[in-house]
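Structure for the following, please:
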Amino acid sequence: MVSVSSNSVQTITELAQKVRDAAYQLARTDIQQRNQALRCAAKALRAAETEILMVNANEVAKADVSAAFKDRMTLTHERLEAMAKGLENIAELPDPLGKELASWDRPNGLHFKRVSVPLGVVGMIYESRPNVGADAVGICIKSGNGIVLRGGSETHLTSMAIHKAMQQGLIDTGLNPDSVAMPPDSNRQHVMDMLHAVGVIDVIIPRGGYSLIKFVQQEARVPVLAHAAGLCHTYIHEKADFDKARSVLVNAKMRRTGICGATETLLIDQAIAGELLPILVSDLQKLGCRFVGNQAACKISQKIERASDEDFATEWLDAVLSVAVVKDIDEAIHHIVKYGSGHTEAILSEDDKSVRYFMDSVPSAVVMRNTSTQFCDGGEFGFGAEIGIATGRLHARGPVGIEQLTSYRYEVYGDGQVRA
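Take a look at the predicted model:
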């Protein structure tokens, strides 16, 4: 257990309180001001490109990390431009605030409304990718929330330079820049202090590896929106279209193997496994995939190694696929319930009744039909961007965009009624 420094807590508390005060003002701005702030932030990012890329190059050169980690740290002109365009895309989305979600009248004449409002202050804890900070700030500005950012220590100066540009966007629009804040140093104690900042930070959203997510979930006193793992399944039902199954599975597994929406386990009905599984294995093996599977799968293809129970609970994040031949749809559902992480599952089937049964039975945040699990992404959902993916049962589930960073209040309209 990490001890809590009273000085550091005070610093984070004061920082978050300033954000809270500024966010209260931001929540009352109109959508034109918030959209303009996003466009100005994009302009400020482009104007600061030389400085940001220089700082980033120095941090990447000094970092004693793997090549893959360095790639995640690295910003380029193209990546910076994508960040700026992402902010402009968020500006084009509808206003998530002040929406009438429901309304009704009572017999006593009272009129009730449920209206969307910001959550308040978001604490964003992320690791190697500095672009995450810009996405998060954009989503929070649009949804009227304040944000406290804590990026990875390896790219702290890069994140600070991006943070400065985000604040400039608010300043250029005449808004309070304090709604976006970042601790001035990369002290690891800030993470724990943010997790304990009850009353000034309303929700923590971590973005990073399994160990970071689990640490945040175990230590936080503030509510958390997160997913600990992306153990996604693709189930090929006996009434699947084989051509669709081949193309969808290749994309779901191999498009990008290291993202949380990549399929990690293939479930296939025994009625079609003898014919289809060898074809699927051949398709994927040509792309460098290897396989582990249950006994039934190994009997069908010698290219599949025998899987352990632990293998089916593993998020590979690599060109490895767990394979289980199942008796029927109920066994497939049982497997997902036992081993899944609640992220995304897909069924490939042309039978409407079976699809409905599967979707009603699987407890995951996202369930798909005849498409790739890699579509579990805020941009693909039409959210503009995402600040994370949530697999919990409370509040937001699936990709977390601007709509998911709102709550609601009840407005009650009367005409002098008093309660008996």
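
any idea which element A44 lies in?
Secondary structure assignment for A44, by DSSP states H and E: helix 31-47.

Show me what that helix is packed up against.
Contacting helix 31-47 under the criterion 3 or more CB pairs under 8 Å, 6 or more residues apart in numbering; DSSP states H and E are the following elements: helix 77-91, helix 131-142, helix 156-172. All C-beta atoms are positioned from the backbone trio N, CA, C, and that covers glycine.

The next helix or strand after the first one: partners in the sheet, and parallel or antiparallel?
The C-terminal neighbour of helix 77-91 among helices and strands, as given by DSSP H and E, is strand 100-105. Sheet pairing of strand 100-105 (DSSP bridges) gives strand 111-118 (antiparallel).

quick check: mean pLDDT across the strand it pairs with?
Here the mean pLDDT over strand 111-118 is 98, rounded to a whole number.

Now do the helix or strand just after that strand, average pLDDT.
Next along the chain after strand 111-118, taking DSSP H and E as the criterion, comes strand 121-126. In this model, strand 121-126 has a mean pLDDT of 96.

Helix 131-142 and strand 121-126, what's the angle between them?
Using axes from the mean of the first three to the mean of the last three CA atoms, to 10 degrees, the interaxial angle of strand 121-126 with respect to helix 131-142 works out to 170 degrees.

Mind listing residues that contact strand 121-126?
Strand 121-126 is contacted by residues 16, 19-20, 23, 132-133, 136, 140, 145-152, 191, 194-195, 197, 200-208, 212, 216, 222, 387, 405 when judged by CB atoms under 8 Å, 6 or more residues apart in numbering.

List the ones among the residues you listed that fall in helices.
The helices, defined by DSSP state H, take in 16, 19-20, 23, 132-133, 136, 140, 191, 194-195, 212, 216 from the contacts of strand 121-126.

re the thing from before, mind checking which of the contacts of strand 121-126 are buried?
Those of the contacts of strand 121-126 that meet the buried threshold are 16, 19-20, 23, 132-133, 136, 140, 145-152, 191, 194-195, 197, 200-208, 212, 216, 222, 387, 405, by 16 or more other CB atoms under 10 Å.

So, low pLDDT: which residues of the stretch 251-400 of the chain?
Filtered on pLDDT under 70, the stretch 251-400 of the chain yields no residues whatsoever.

That one: helices as residue ranges?
Assigned helices in the stretch 251-400 of the chain, in chain order: 270-285, 295-300, 329-339, 352-361 (criterion: DSSP state H, counting those that start in this stretch).

Ok, which of the ones you listed comes nearest N108?
helix 352-361 (38.4 Å; CB to CB).

Check which helices and strands that closest one sits against.
Taking 3+ CB pairs under 8 Å, 6+ apart as the contact cut, helix 352-361 packs with helix 329-339, strand 344-348, strand 366-369.

With just CA atoms, put stretch 410-420 into CSV.
Presented in CSV, the C-alpha positions along stretch 410-420 are these (Å, rounded to 0.1, in the frame of the first residue of the first chain):
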residue,chain,number,x,y,z
TYR,A,410,-34.6,16.3,-12.3
GLU,A,411,-36.5,19.6,-12.9
VAL,A,412,-39.9,19.8,-11.3
TYR,A,413,-42.4,22.6,-12.4
GLY,A,414,-45.4,23.5,-10.2
ASP,A,415,-48.0,26.2,-9.9
GLY,A,416,-48.2,26.6,-6.1
GLN,A,417,-48.8,22.9,-5.2
VAL,A,418,-48.1,21.9,-1.6
ARG,A,419,-47.8,18.4,-0.3
ALA,A,420,-50.5,17.0,2.0
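
what residues does it touch?
N108, G109, L110, H111, F112, K113, R114, V115.

Which of the helices and strands packed on helix 31-47 has the highest mean neighbour count?
Among the helices and strands packed on helix 31-47, ranked by average contacts under mean count of other CB atoms under 10 Å, first place goes to helix 131-142 (a mean of 28).

Only alpha carbons, please: show that one as CSV.
Coordinates of the C-alpha atoms in helix 131-142 are reproduced here as CSV (Å, rounded to 0.1, in the frame of the first residue of the first chain):
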residue,chain,number,x,y,z
ASN,A,131,-2.2,12.0,-27.5
VAL,A,132,-4.7,10.5,-24.9
GLY,A,133,-4.5,13.8,-23.0
ALA,A,134,-5.8,15.8,-26.0
ASP,A,135,-8.6,13.5,-26.7
ALA,A,136,-9.7,13.5,-23.0
VAL,A,137,-9.6,17.3,-22.8
GLY,A,138,-11.6,17.6,-26.0
ILE,A,139,-14.3,15.3,-24.7
CYS,A,140,-14.4,17.1,-21.3
ILE,A,141,-14.7,20.6,-22.8
LYS,A,142,-17.5,19.5,-25.0
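
quick one: that helix to helix 77-91, angle?
For helix 131-142 against helix 77-91, the angle between stretch directions is 20 degrees (the same axes, to 10 degrees).

for helix 131-142, packing partners?
Where contact means 3+ CB pairs under 8 Å, 6+ apart, helix 131-142 is packed against helix 31-47, helix 77-91, strand 121-126, strand 146-150, helix 156-172, strand 180-181.

and the closest residue to A273 other than its chain neighbours, what does it touch?
Ranked by CB to CB, 6 or more residues apart in numbering and with sequence neighbours excluded, the top spatial neighbour of A273 is V325, at 4.6 Å. For V325, the set of contacting residues under the criterion of CB under 8 Å, 6+ apart consists of I268, D269, Q270, A273, L277, G293, N294, A296, A297, I300.
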